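[1] give the three-dimensional model of this entry:
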Amino acid sequence: MNKTEEKIYELLKSNVLFRDEKGIYTIFPQKLLIKASGKSERTVQYALKKLEEQKYIVREVYKEINLVKFYFSQEEELKNSHIIDRRKSCTSPSENYTSPSENYTSPSENYTSPSENCTSLSENCTSLSENCTSPTETEDSGGLTNILCKNDEVRNFKEISQTIKKAPTPEKYILPTYKLVDVLFSGELPIGIETPVNMASEKDNRKGKTAYTLMMLNFDELGDGIKISRELSVYDQQVWNACVNLILNSYKIITPSQIYRWMGYEKQMNDRDKKRIMESVNAIIRARVFIDNENERKLYKNYPAISINTPLLAAKIVTAKSGKNEVTAIEIIEIPDLFAVAEERGQITTIPFEVLEISEIDRTEENLKLLTYLVRRIIHMKYDNDTSRKILLQAIYAKCDIKADERMKRKRLPEKIERIFNHYKKIKWIDGYELTDTEVTVKLPKKK
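    The predicted model follows:
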């Protein structure tokens, strides 16, 4: 075993370990393994192949979700390790997955899954669930069209129109800094599989300490056996953040245009923007998140115990039509549990809303990753004096998935950074910055 193989093997052994009928294994998404090792994808793959040939590990691959289970052949090496027994529960990807939290009680007893209600994204309010009857149109005394759905209250155009409030943007915008929120929307979390996420601080990581929290993303069915099967993106995160901020400001029934504005867009929303927001909302309200931090609390005992299996956003979509007028709205049932967990841990912060109102660059997925990363880094700088004021361009390349052979993207990156930081300087969120070929140094305003 050479040094690279040894490093990969130690990373696998130090991860959260499980035992099922086949033996002891760990789940380590390969993208995260590549990042943790600091090696190229080819080097990691070659090292794993060699470890398998030398009978240190056995790989079990699930191609449909891009995930690998690593079973350990040398179990005696792990005798002193903490191993989570999964022999009595479901550990493989399955439609019938049962949460290991047997005593879990939903935080909202009256919550009805959105998939049980009529969720309309079109003019005809087409049902997406077998439990929802086809929409029935009736005329009330005012000539308004009601849309009737099983398990849903009668809605009409006038009622929804009057319930929707004008939502002027706030001066301050609330953001969770809880690491699991970023992991959830990173596009790297496999669907339907418990995945360990290392929550240890950088300082503890350098000391070789780990603190894993188990996390899983799943989706409710749309009906007729149809499931959503896609990762959540940074764009979805912005939509979710906007919904959270709206409900925190007491707006329970909201529109796509309000979400669009609270994402920081100043221009008028067009049909394409609306469709993209509704596709995102449709995924978010069907997403369920499982979190268990039993292992993390062994290192950080002051953190509250978490064992939840909860909707990412408890909400439903309502559509009503009267003549040529149509209203599509999202009714939010409660503040999301994921945000409540971040708040309980003290891992939320506020930023000026102007930070989001950046028109200097297009909101592509790559640029959204860049914006999110820079905002997070500046937040850490502002609240932690020990955090470096320097941001390496190599770190930005990694965060934005800009590969070494994508030379044009790398060439354009400094110009994007300049536009972003000029905006932050203009709104006085930072005092200035210094950009070189390898890094950008941020100058912060003096604390009052």
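[2] what does the closest residue to residue 369 other than its chain neighbours show for phi and psi?
    Nearest non-adjacent residue to residue 369, counting by CB to CB, 6 or more residues apart in numbering: residue 400, 4.8 Å away. Quick note: C-beta positions are derived from backbone N, CA and C, even for glycine. In terms of degrees, to the nearest 10, the main-chain angles of residue 400 are phi -100, psi 10.
[3] show the contacting residues for residue 400.
    366, 369, 370, 373, 413 (CB atoms under 8 Å, 6 or more residues apart in numbering).
[4] for this structure, name the helix or strand with the lowest mean pLDDT.
    Least confident helix or strand, the chain: strand 145-148 with a mean of 28, by mean pLDDT, DSSP states H and E.
[5] residue 11 sits in which helix or strand?
    Residue 11 is located in helix 3-14, with elements delineated by DSSP states H and E.
[6] name the residues that touch that helix?
    With CB under 8 Å, 6+ apart as the test, helix 3-14 has contacts from 1, 26, 28, 33, 36-37, 39, 43-44, 47-48, 50-51, 56-57, 70, 72, 77-78, 81, 210.
[7] hmm, try it at 6 Å
    Helix 3-14 is contacted by residues 26, 36, 37, 47, 50, 51, 70, 210 when judged by CB atoms under 6 Å, 6 or more residues apart in numbering.
[8] the closest residue to the second one other than its chain neighbours and residue 173, how far apart?
    Across the structure, with CB to CB, 6+ apart as the measure, the residue nearest residue 36 apart from its sequence neighbours is residue 11 (5.6 Å). Remark: distance between residue 11 and residue 173 (CB to CB, to the nearest Å) = 37 Å.
[9] ok, and the closest non-adjacent residue to residue 73?
    residue 55 (5.0 Å).
[10] shouldn't the one you found be within a strand?
    No: using DSSP: H, G, I helix; E, B strand; the rest coil, the secondary structure at residue 55 is coil, not a strand.
[11] what is the burial count for it?
    Residue 55 has 9 neighbouring residues, counting by other CB atoms under 10 Å.
[12] and it, what are its phi and psi?
    phi 60, psi 30.
[13] looking at it now. What's its pLDDT?
    As predicted, residue 55 sits at a pLDDT of 91.
[14] that one against residue 71, yeah?
    No: look at residue 55 against residue 71 with CB atoms under 6 Å: they stay out of range, at 10.9 Å.
[15] my guess is residue 167 meets residue 259, correct?
    No: Residue 167 is beyond contact range of residue 259, at 9.4 Å (criterion: CB under 6 Å).
[16] neighbour count: the two, which is higher?
    Each of residue 167 and residue 259 has its neighbours counted (other CB under 10 Å); residue 259 has more, 27 against 19.
[17] secondary structure element for the nearest residue to that one once chain neighbours are set aside?
    Leaving aside its sequence neighbours, residue 259 sits nearest to residue 242 (CB to CB, 6+ apart; 4.7 Å). Per DSSP H and E: residue 242 is located in helix 234-248.
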